[in-house]
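**Q** what follows is a predicted structure for the sequence shown.
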Amino acid sequence: MLLSAPLRVSVLALSTLALATGCSSEPTATANPPGSPGTDAAADHPADTSADGQSDAGPDSSSDASGDSSLPDSADESPIVPPDQQSPPDVVQEPPDPGCPTTPPVASAAMGSHFDPAVFDPAYYLCRYPDVAASFPGEARARLHWLMHGMQEGRQAQPAFSVDEYLAMYPDLAQAFGSDRPAAVLHYVHYGLKEGRKGTQAGLPNAAASVGQDLRPQGGVSYDPSSKAANAIIDTGSSVRMAGGIDHLGWNAVEFINNFDHGRELQIAWSADGFGECFNPTECGSSTDGTGAVSSSALHMYWTSGSLLGSEVRPAFWLPPNTVQYCGPVHNTTVTADHILNKIVQVGYGGIQHVVRFLVQVTIPEDLTAMTIEAPTGYLTGAFSSFYTIDLPAGVLAPLSAGPGEQSLPVILSKPDGSAAMGAWSPDLPQAEYPGAGYGRFAFPDPGNAANATNKWNVVFRRSATPAGVYDFRGFAIVGTLENVRVAMTQLYGIAK
């Protein structure tokens, strides 16, 4: 797992979040992959060719810190010091609150993250800090500054929460986190709000505290990137290797996910400006990560709590910067994107146990002429070789070719005997501008290497002109027997549409 140097959030520091929760709530004074499926260069990662002829995903591989961000360093890169050896940070002399406007809090995939509205308000942040507004104008760029610099500098991005005041008021937290402010921010969101801890010396009420509570941790929290989210029948999770992307989903002792390399899994990926994989941020890592244990994506946060999983990552570009590849000249100039992916995965939804919900939020800090995103895409094992569509809400299945292709009806991949299947659906597809598209499927058999064989579905959203901003998407994966999937998708349509 790669962590941003300016952030310096260590797994050790995050592990202390839970340890700090039993304290009083009152103040006391993360080479091309071998065995690429078939000859399609896009086959072994989430961005395969879609209906518009463009490949929909992909990043670069080297983990060289020099390519990690195009932003200037504004914080030191000193080695991580264990929390028990750190000194409590001094309260930074903040400018007086100039009476800045605030943004109405909205529940989203940012809940439980460093962008949770309880700790980050873009309008307030830009108003309070004219230097940020001048160099990082707009919400998307302000988010990037907050993530890469603002938190660790002790800046205040919400009128009811100051990380330095929070640490100064609670010696137990200062002892636990020392100068690791990003970890303290997460403590407030995950524990402090529930414990009734104040976010500022003045004790201002936090208007965002009651928003999206069901999407924040519901009990104990694990920050181990290999921890799982689960309900009674499904468990799913990630690993350090995949920077928060889902590399495991199990039901009834069946593993659905192919995690052969960093381009498969159950993950999020997007492309821009018609460049396909030549400009292709990919959640789990880059093509040159291959089958290795390290991702070029920069994981800033990962947590699980009961049936919920949350992650925050700056994804790697699929292809190495400044090279010429099968898609033409590569347009990314860094290994890791300055785009930010926030994701919440919820196992079980609306009383339906066979459903896994994906809430996806992408922060794009530059203007794009076009964008195609798989939110999400699933690479299954080669055993899921039978393809179906389902007509909703009628719930009628129909056989479908293995493609490649894309259509407006949701797709289901199943074992030939129907004993296990996974379907994909979004209440926001098909898009009015693309009525014949939205759900893709691909088959990549490999008779000589069963581990390399994979079959894919994707939930595809397209945008034309995409100004710098924050964009939200939602999708569902539905698992069980083929009949379980058919019934659950029909039920889900009635609830979520």
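**A** Now that the structure is in, tell me what you want to look at.
**Q** biggest helix in this structure by residues?
**A** Longest helix in the chain, counting residues (DSSP state H): helix 482-496.
**Q** how much distance is there from it to the middle of the chain?
**A** Chain-centre distance of helix 482-496: 25 Å, with Cα atoms, centre = their mean, to the nearest Å.
**Q** then stretch 277-292?
**A** Offset of stretch 277-292 from its chain centre (Cα atoms, centre = their mean): 15 Å.
**Q** how about stretch 306-325: buried residues?
**A** 306-321, 325 (16 or more other Cβ atoms under 10 Å). (Glycine included, C-beta is placed from N, CA and C.)
**Q** no wait, stretch 408-415
**A** Within stretch 408-415, the residues that qualify as buried by neighbour count (16+ other Cβ under 10 Å) are L409, P410, V411, I412, L413, S414, K415.
**Q** mark which of those are part of strands, please.
**A** Applying DSSP state E to the buried residues of stretch 408-415, the entries found in strands are V411, I412, L413, S414.
**Q** quick check: V470 vs L193, distance?
**A** Distance of V470 to L193, given as Cβ to Cβ, to the nearest Å: 22 Å.
**Q** and L429, backbone torsions?
**A** Main-chain torsions, L429, degrees, to the nearest 10: phi -120, psi 150.
**Q** repeat for the one 5 residues further on
**A** With angles defined as degrees, to the nearest 10, Y434 sits at phi -130, psi 70.
**Q** now name the helix or strand holding the closest residue to it other than its chain neighbours.
**A** Nearest residue to Y434, sequence neighbours excluded (Cβ to Cβ, 6 or more residues apart in numbering): R462, at 5.7 Å. For R462, the host element (DSSP states H and E) is strand 454-463.
**Q** CA atoms only: put that strand into CSV for me.
**A** C-alpha atoms of strand 454-463 as CSV (Å, rounded to 0.1, in the frame of the first residue of the first chain):
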residue,chain,number,x,y,z
THR,A,454,-11.6,-14.3,-16.8
ASN,A,455,-15.1,-13.1,-17.8
LYS,A,456,-16.1,-9.5,-17.2
TRP,A,457,-19.1,-7.3,-16.8
ASN,A,458,-19.1,-3.5,-16.4
VAL,A,459,-21.6,-0.8,-15.4
VAL,A,460,-20.7,2.1,-17.7
PHE,A,461,-21.5,5.8,-17.4
ARG,A,462,-20.5,8.3,-20.0
ARG,A,463,-20.2,12.1,-19.9
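**Q** N332 in helix, strand or coil?
**A** The three-state label given to N332 by DSSP: H, G, I helix; E, B strand; the rest coil is coil.
**Q** please tell me I have it right and it contacts Q325.
**A** No: if you go by Cβ atoms under 8 Å, N332 and Q325 don't touch, sitting 11.0 Å apart.
**Q** what touches both of these two?
**A** Common neighbours of N332 and Q325 (criterion: Cβ atoms under 8 Å, 6 or more residues apart in numbering): C278, L319.
**Q** how much space is there between G438 and S426?
**A** G438 sits 7 Å away from S426, going by Cβ to Cβ.
**Q** of the two, who's got more company?
**A** Counted by other Cβ atoms under 10 Å, G438 and S426 do not tie: G438 has more neighbours, with 26 against 22.
**Q** so who does that one touch?
**A** G438 makes contacts with E406, Q407, S408, S426, L429, P430, Q431, V459, V460, F461, as judged by Cβ under 8 Å, 6+ apart.
**Q** buried ones among these?
**A** Among those, those scoring as buried are E406, Q407, S426, L429, P430, V459, V460, F461 (criterion: 16+ other Cβ under 10 Å).
**Q** list the buried residues in stretch 110-125.
**A** Under 16+ other Cβ under 10 Å, the buried positions of stretch 110-125 are 110-122, 124-125.
**Q** nope, stretch 171-187 is what I was after
**A** Residues of stretch 171-187 classed as buried: 172-187 (neighbour count, 16+ other Cβ under 10 Å).
**Q** could you give the bridge partners of the residue nearest to Y434?
**A** Here R462 sits in beta bridges with T372, going by DSSP bridges.
**Q** where's it relative to G274, distance?
**A** 11 Å.
**Q** look at these two and report which has more neighbours.
**A** The neighbour comparison of R462 against G274 (other Cβ under 10 Å) goes to R462, with 19 against 15.
**Q** check what pLDDT the more buried one gets.
**A** As predicted, R462 sits at a pLDDT of 98.
**Q** same question for G382.
**A** Value listed for G382 in the pLDDT field: 96.
**Q** show me the shaky parts of the stretch 51-200 of the chain.
**A** Residues of the stretch 51-200 of the chain meeting the criterion pLDDT under 70: 51-98.
**Q** that one: helices as residue ranges?
**A** Listed in chain order, the helices of the stretch 51-200 of the chain (DSSP state H, counting those that start in this stretch) span residues 122-128, 130-135, 139-145, 163-169, 171-177, 181-187, 193-195.
**Q** check contacts around K497.
**A** L392, P393, P427.
**Q** just the buried residues of these.
**A** With burial judged by 16+ other Cβ under 10 Å, the buried subset of the contacts of K497 is L392.
**Q** and which of the contacts of K497 is nearest L482?
**A** Set against L482, the nearest of these by Cβ to Cβ is L392 (15.4 Å).
**Q** for L380, see how far away the closest one is.
**A** Distance from L392 to L380, by Cβ to Cβ: 21 Å.
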